[in-house]
Each structure stands twice: as C-alpha cells, then as structure tokens.
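Undergrad: Okay, sequence plus prediction incoming.
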Amino acid sequence: MSLLSKNGNEIIFRLILFVLCVLIFLIIAYPLYFIIIASVSDSTLVSTGHVLFLPKGISFFGYQEIFKDARIWVGYRNTLVYTFLGTFVNLLFTLPAAYVLSRKEFMARRALMLIFVITLFFNGGLIPTYLLIKSLHLTNTMWVFILPFSVNVFNLIIARTFFETLPSELYEAAAMDGCSHFKYFIQVAMPLSKALISVIGLYYLVAHWNDFFTALIYIRKNELQPLQIILRDILLSNQVFANGAGVGGDAGGYAQKYADQIKYGVIIVSTLPILILYPFIQKYFEKGVLIGSIKG
C-alpha cells in the first residue's frame with residue numbers, strides 16, 4: 001500500500017512539474033509569438049486587444065515597407081560580415097589567451113589575469129576611447145567592429161576555467177610523445193572544447209549581431225552601416241511620419257494603421273536569423289553554459 005502511495009505521489013509530483021514547466025514556457029514564448037502575429041495583423045485590432053492567439057486582418061504591408069528599402073540588404077550584408085568575421089577574430093584571440101593563462105607553468109599568468117579583470121570594472125570612458133580609435137584610423141572602417149573589442153574578459157575567464165579542468169595527464173602523455181604546447185592546444189585541447197567554442201561563439205555572435213552603438217559613434221558612411229542602424233532609421237522615419245500625419249485625415253489614418261505593423265516587423269527581421277541559428281548549437285549550449293561554474 002505504501003508503495004502504491006509512493007508511486008501515486010511521484011505521478012502527482014511529475015504532473016505538477018510538467019504543468020509548471022508548460023506555464024513557464026508559455027510565459028516566456030508568448031511575447032515572441034505575439035510579436036510574430038502582430039507583425040502580420042491589422043494594427044487597429046492589435047492596439048484594441050482583439051489579437052491574442054491568432055492573427056487577424058492579415059497584411060504583410062510592414063514587411064513590404066521594410067524590404068522595399070534597398071539599404072536593408074546592404075545592412076544584412078554588412079552585419080553578416082561583421083558578425084562572422086568578428087566572432088572568428090574573437091575566438092582566435094580568446095581561446096589561445098585562455099589556454100596560456102590556464103597553464104600553471106606560466107609564471108606571469110596571475111599578474112596578466114589581474115590586469116584583464118581590472119578592465120571589467122574600469123575603462124577609459126567614451127571620449128578617450130573615441131580619441132584612441134580615431135588615432136588608430138579605425139573610424140569609418142569595418143575593422144572598428146572587430147579589432148578594438150576582440151576579447152571579452154568574461155568569456156576569457158570561462159574559457160580559462162575550462163582549460164584548467166582538462167586532466168594534466170593528457171598534456172603529460174602528449175609531451176612524452178614530443179608534443180609542444182601549440183600542437184597540444186590544436187590537436188588535443190581544441191577537439192575537447194566543442195561545447196566551450198559553441199557557447200562562447202554564440203555569446204560573441206549575438207553581441208556582434210545586436211551591436212548598433214559602435215556604428216552610432218564611429219561610422220558615418222552609409223555603405224558601412226550595420227542592419228541594426230538601418231532598421232532603427234526605418235523605425236524612426238516611420239514614427240515621424242505617423243506622428244506628423246496623426247491628424248491628417250486619410251494620410252493620418254494610413255500612417256497610424258501601419259506604424260505598429262512596421263515596428264513589430266522590424267523586431268522580427270532583426271532577431272529571426274539568430275533564432276534560426278540557435279537550434280543548430282543547442283545541443284552544445286546546455287553542456288557548455290555551465291563550463292565556467294564553480295564545481296562543488
């Protein structure tokens with residue numbers, strides 16, 4: 001009887017846990033789902049609360065207005081270049097540096113790590129940074145998105161912690177076969193770091209994809225502007241049009257009707273590529289996200 005009671009309690013517990021997980025998922029996923037259906041629904045119905053679970057008054061006007069702007073394709077091209085080239089450079093600097101700082105035989109590792117950590121709390125500020133980048137002739141170039149911010153100290157600490165957890169016997173066995181540190185890093189440490197590379201790479205990739213502040217400060221050429229700045233310009237021009245025509249009869253009604261649709265469309269256009277990419281590296285993310293945590 002007690003065994004049946006125990007099994008019954010276990011079933012009830014699992015059922016409650018399942019319901020809670022479903023509720024949490026819906027709370028997290030619904031805002032994104034709402035943005036998707038709102039981007040193709042009549043803005044009047046959205047603003048009056050008639051669109052909750054299914055799109056109504058379906059119209060793709062917002063997307064037509066966004067993709068009608070030829071700059072959107074230039075922005076996509078620039079952002080793809082900045083994102084993938086920038087992520088590659090980030091990993092190229094971060095992973096070797098983390099490996100070196102993880103080696104106990106490297107005497108200067110503590111001093112260098114302290115210097116890195118200090119930059120987490122203190123920086124020169126916007127104006128000195130701008131003057132430095134200008135003196136390096138990086139303004140109005142694509143390299144301003146890549147070179148000045150090539151290492152994130154938080155990611156460096158995560159990578160260093162991971163390399164420290166690799167068994168020392170691996171290096172000792174490799175060294176007995178005449179393997180140098182460089183060869184060990186390439187042929188042993190890197191193949192064991194797929195989860196680490198996936199997680200840190202995703203962090204860097206999302207940061208580059210969402211970066212608009214760098215372009216706002218350092219870029220003046222239209223042909224170098226990333227997607228986020230172009231979407232921002234489209235959104236601002238749409239808001240100005242809607243506000244200016246707010247009481248303007250047919251023009252005012254037209255602007256107000258589609259202003260929110262363009263706004264929601266901009267959100268989808270800017271986030272959809274990352275959402276598509278995420279499932280391909282999800283299997284590494286769950287394992288890798290806890291790599292730098294403190295083990296009990």
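TA: Nice, thanks for sending it over. Numbering: from 1, shown residues only.

Undergrad: rest of the way, CA atoms for contacts and neighbours
TA: OK.

Undergrad: Now residue 80. Nearest residue, chain neighbours left out?
TA: In space, residue 80 comes closest to residue 209 once its chain neighbours are excluded; the distance is 7.8 Å by Cα to Cα, 6 or more residues apart in numbering.

Undergrad: Let me see the contact set for the one you found.
TA: By Cα atoms under 8 Å, 6 or more residues apart in numbering, the contact set of residue 209 is 79-80, 82-83.

Undergrad: Now neighbour count, distance to residue 126 and secondary structure too, for the residues you listed, in TSV please.
TA: Below are the contacts of residue 209 laid out as TSV (neighbours: other Cα atoms under 10 Å; distance: Cα to Cα, whole Å; DSSP: H, G, I helix; E, B strand; the rest coil):
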residue	neighbour count	distance to residue 126	secondary structure
79	23	23	helix
80	17	26	helix
82	22	21	helix
83	23	23	helix
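
Undergrad: So for the residue nearest to residue 266 when sequence neighbours are not counted, what's the pLDDT?
TA: Closest residue in space to residue 266, ignoring its immediate chain neighbours: residue 231 at 6.3 Å, by Cα to Cα, 6+ apart. Predicted confidence (pLDDT) at residue 231: the value is 76.

Undergrad: In contact with residue 231: list those residues for me.
TA: Neighbours of residue 231 in contact, by Cα under 8 Å, 6+ apart: 66, 72, 266, 270.

Undergrad: Tell me the one among the residues you listed nearest to residue 146.
TA: Proximity of the contacts of residue 231 to residue 146 (Cα to Cα) peaks at residue 270, which lies at 20.0 Å.

Undergrad: who touches the closest one in this structure?
TA: Residue 270 sits in contact with 227-228, 231, where contact means Cα under 8 Å, 6+ apart.

Undergrad: three-state assignment of it?
TA: Under DSSP: H, G, I helix; E, B strand; the rest coil, residue 270 falls in the helix class.

Undergrad: With residue 106 instead?
TA: Relying on three-state DSSP, one would call residue 106 coil.

Undergrad: Please report phi then psi for it.
TA: phi -80, psi 110 (degrees, to the nearest 10).

Undergrad: Same check on residue 105?
TA: Here residue 105 shows phi and psi, under degrees, to the nearest 10, equal to phi -80, psi -10.

Undergrad: ok, it to residue 181 distance?
TA: Applying Cα to Cα, to the nearest Å, the value for residue 105 to residue 181 is 11 Å.

Undergrad: pLDDT weak spots in the stretch 1-150 of the chain?
TA: Residues of the stretch 1-150 of the chain that meet the criterion pLDDT under 70 lie in 1-8, 46-47, 49, 69.

Undergrad: List the buried residues in stretch 188-198.
TA: By 16 or more other Cα atoms under 10 Å, the buried positions in stretch 188-198 come out as 188-190, 193, 195-198.

Undergrad: what about it, start to end distance?
TA: For stretch 188-198, the end-to-end distance is 17 Å (Cα to Cα).

Undergrad: for it, what is the average pLDDT?
TA: 82.

Undergrad: What is the distance between it and the centre of its chain?
TA: 20 Å (Cα atoms, centre = their mean, to the nearest Å).
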